[in-house]
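K.L.:
based on what follows, work out the 3D shape:
(chains A and B)
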Amino acid sequence: MFKTALHATVAATALFATGTAYADVTVYTAGPEKLIADLAAGFTAETGIKVEFFQATTGKVMARIEAEAANPVVDVLISASWDTATDFAERGWLVPYTSPNAAMVPDFLKTDTAVAQGVAALAIAWNPNSGTPRPAEWADLAKPEYKDLVNLPDPAQSGSAFELVAALSADGDMSMFESLAANGAIVAGANADALNPVLQGAKAAVFGAVDYISLNGKAKGESIEVIFPSSGTVIAPRPVMIMEWSDNQDEAKAFVDYMLSDAGQAIVAKQNLMPARTDVAADRPLIGDLKILPIDAATVYGKRAETLESFAKTFGK
Amino acid sequence: MARSVETVSPSVIIAAVGLGLVVAVPFLFIVLQAIFPELGRGSLTAPFSAFAGALGDAKLIGMTGNTLLLGVLVVVLSALIAIPLAVARALFRVPGAIVWDVLFLIPFMIPPYIAVLGWIMTLQPRGYLEQLAGFNLTGFLFSVPGIVFIMTLNSFPVVYFAVSRTLETVGSRYADVARVFGASPMRAFWRVTLPLSTPGLAASLLLVFAMAIEEYGTPAALGSRAGFDVLVTAIDLRVSDWPIDLPGAAILSLVLVALSFGAFMLQRWVLSRRSYEATTGKPQGTAKRDLGPWKWPVLLTFGLVAFVATGLPLLAILAGALSRTISGGLVWSNLGPDNFAAILGDTTGALRALGTSLSLGVAAALVTGLLGALSAYAVVKSRARGRGVLDVLTILPNALPGIVVAVGLILAWNQPWLPVTPYNTALILLLAYCCILLPQPVRYATAAFHQIGDNLEAAARVFGASPLTAFRRILLPLIAPSLLAAMLLVFAVATRELVASVVVAPVGVSTISTYIWRQFEQGSVGLGMAMAFLTILITTALPLIVLSLMGRRGSLL
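P.N.:
A predicted model of the protein is given here:
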């Protein structure tokens, strides 16, 4: 048994060690897995360049990049938070590149070193079977009809939720969240943790749900409606960046080009994200259809810790 | 000098090298990261500068207190549930004993993050319970008792299996001697049998404590709503919230390690006060007693525990897996095998993830089993110098949160000057699982070694066996039941490990847990539940098949 175990271990080790081939482009992404899988397949079919990817949440992707900093592996990074693009540019970690396909990407979705792959928006995700009236505005969810029936994603765990809190609490005015808290709304973990109870009916609505996940759920037959308040909402563009330490910059640029091509943007639209290019159609409300609340990123992120703390205090955490 | 070289047996050397590689290397880098904040960028500047910030956090004392409280409560409740069951199982003829063993094995196979989601979907308003029975228990679920209850259901099997197996080894012979000398049955049990099984009890309670303070899924899902923050959730926040605070996470992990180390010292103190040798080579009867009038109450208790710990979570997972949509609820028109079809049709890459995790689980069980047996031998039976250090190494990973192990492994194995590295191969996952799970086989094997008399090995040596032969032919078979049980647990947990896998998985590699987690993140709860259900079936069935093929008496089942 002793020897068998040893042999098995050695054999397994050899198997694993030889099983990995290095890819031509390594992408770390915080998006839906289907999206990166389809993009990678399409890109390889068109160019013959292979793509290996690591997909997780923005937080986990960042943790990995930080731990790898001595010997980085990633060529292309796709984050779910624009903040990453700003911060990495300041650190000098990004290669300036403007894709020829980015001409139709609006200016606020691109910089010298980053361009949006697609855009999500935050919305009210409401379950029509919940026995509550259809909400139209953020403030509606503080009404007695929704007592104890509203979930909020935790802004400490979700970048887009933080921007919504910042946008709706301009000048530190937390009154909207105070009335929500008084109405029994609770903070329920990251985005998925906030949505699931609404699907099952334990809650009636998510205040600030990531739209494409709910839209995908609706397409699968879930009883969920995505409502964009006319008073405005925030968007979460997903920046794509090429890392300055990449040994495969030409291939990385080709990947960015593909992602912004007609075919690439169609794949983005298929996931119910808004395409970054304004000339690509999608079967959902687009940026032009939404009122976007203005936020000054520098100020908002400068006060992140204070905003989170006063938010947490409001909800008695 | 010459003498000490002579007395170091090869098994001790293998144990030392293996422990160094699997545990000491990543742990060293975690400590270095705590001391040198810029370590990730290859710089050793500003040592100790992160300590003040991390340890000065005003919430630290509260979180440490909560962590301790959680650990102690889970240990107490696990002991209360498991010990009576284990005593009945070990000393009496419980009808259907093997069936109960299998049913108590399953909670261990249910990934904690799935179990807690199953409980949420069952107990919350309009959950499965309310759909079927008209009421919900949401108030209980999102409270400290609720967290303790759910974590206990996941961990009491550890105590049950350890105590019932050690009690079986002790047998009733010593108690019979006590009876001959006039002790009442109760007195014989309390004064003789139970104390003799202390090694197994203490080892399993230590494991449960360490598992409880290190667990992430349940406190994260339930604790934040109960306002109950623990160290692990704070560590995870530091690792996932930009800007990433690796030094802070490393320092808080060291606090966790200190807590676990304290529990370990307590266990060692308990064990060192006397000898627990019960396997002396003398033949011993294994006859069990009849339950008599207690038969039905005992069966009822076994049934109740099995239903709550195994039946309910499995049913909740199955309900989620069979539902076409979550909002559709439990009505016939909404139920169907679509999610299972998607997995078996492999349209989503599920089968590859399944294959990866199962082979990693087997490899981790073999490596930790071998290393665990050798380390436990080195610590308990050898007189090698520095064996205390080995013992400490085997306990360290117990309290390291998975995510911190992952970071330590990346820091250690992604150094630019390494000529070859397991990083970015599946081997790094194997290293992570071995590091996290090594304490299980070590604790079980240590407990078993404590019960084996020294004269058995000495007798083999007198008859000319080499140290390795004596280990292989005498000691290993004697600890095999305990070791095998631990290896099965390693297999089960490695197959579903999530927290380290998410961060350390090589590019392009999915494991079962990362697959399930992605489904949940993207809103496909049903698909994730279906995968979880299949995994539980496979990880339960596979060990059972292996055991029945080996057909050895006295093994786990």
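
K.L.:
and the residue of chain A closest to chain B?
P.N.:
Per Cβ to the nearest Cβ, A:Gly59 is where chain A lies closest to chain B, at 2.7 Å. Bear in mind the C-beta positions are built from the backbone N, C-alpha and C, glycine included.

K.L.:
burial count for that residue?
P.N.:
24 (other Cβ atoms under 10 Å in any protein chain shown).

K.L.:
pretty sure it contacts B:Pro243?
P.N.:
No. With contact defined as Cβ atoms under 8 Å, A:Gly59 does not reach B:Pro243; the gap is 11.2 Å.

K.L.:
hang on, the earlier thing: how about the residue of chain A closest to chain B, nearest residue that isn't a chain neighbour?
P.N.:
With Cβ to Cβ, 6 or more residues apart in numbering or on different chains as the criterion, A:Gly59 has its nearest non-adjacent residue at 2.7 Å, and that residue is B:Ser240.

K.L.:
ok, the one you found - contacts?
P.N.:
Shown in contact with B:Ser240 (Cβ atoms under 8 Å, 6 or more residues apart in numbering or on different chains): A:Thr57, A:Thr58, A:Gly59, A:Lys60, A:Met62, A:Ala63, A:Gln157.

K.L.:
neighbour-wise, which one of those residues leads?
P.N.:
A:Ala63 (28 neighbours).

K.L.:
A:Val115: what secondary structure?
P.N.:
strand (DSSP: H, G, I helix; E, B strand; the rest coil).

K.L.:
who touches it in this structure?
P.N.:
Residues near A:Val115 by Cβ under 8 Å, 6+ apart: A:Thr98, A:Ser99, A:Ala102, A:Val105, A:Leu109, A:Pro239, A:Val240, A:Val256, A:Leu260, A:Ala276.

K.L.:
next, count neighbours for the closest residue to the last one other than its chain neighbours.
P.N.:
Going back to what we said before, that points to A:Ala276. Of all residues not flanking A:Ala276 in the chain, A:Ala116 sits nearest, at 4.0 Å (Cβ to Cβ, 6+ apart). Under the neighbour criterion other Cβ under 10 Å, A:Ala116 is assigned a count of 29.

K.L.:
same question, B:Leu55
P.N.:
By other Cβ under 10 Å, neighbour count at B:Leu55 equals 13.

K.L.:
do the same with A:Ala103
P.N.:
For A:Ala103, using other Cβ under 10 Å, the count is 11.

K.L.:
ok, now how distant is it from B:Ala97?
P.N.:
Using Cβ to Cβ, to the nearest Å, A:Ala103 is found at 73 Å from B:Ala97.

K.L.:
kindly report the same for B:Pro125.
P.N.:
40 Å.

K.L.:
name the helix or strand of the chain that has the lowest mean pLDDT.
P.N.:
Picked chain A for this. Ranked by mean pLDDT, DSSP states H and E, the weakest helix or strand in chain A is helix A:2-18, scoring a mean of 47.

K.L.:
sorry, I should have been clearer: chain B.
P.N.:
Lowest on mean pLDDT, DSSP H and E among the helices and strands of chain B sits helix B:2-7, with a mean of 46.

K.L.:
next secondary structure after that one?
P.N.:
Counting by DSSP states H and E, the next helix or strand C-terminal to helix B:2-7 is helix B:10-19.

K.L.:
what's the helix or strand just after that next one in contact with?
P.N.:
As assigned by DSSP H and E, the chain's next helix or strand after helix B:10-19 is helix B:25-35. With contact meaning Cβ under 8 Å, 6+ apart, helix B:25-35 is reached by B:39-40, B:47-48, B:50-51, B:246-247, B:250-251, B:253-254, B:393, B:396-397, B:400, B:404-405, B:407-409, B:411-412, B:431, B:435.

K.L.:
picking up where we left off before, how about the contacts of B:Ser240 in CSV, adding pLDDT and secondary structure?
P.N.:
Formatted as CSV, the contacts of B:Ser240 follow (pLDDT from 0 to 100; DSSP: H, G, I helix; E, B strand; the rest coil):
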residue, pLDDT, secondary structure
A:Thr57, 85, coil
A:Thr58, 86, helix
A:Gly59, 85, helix
A:Lys60, 86, helix
A:Met62, 90, helix
A:Ala63, 87, helix
A:Gln157, 81, coil
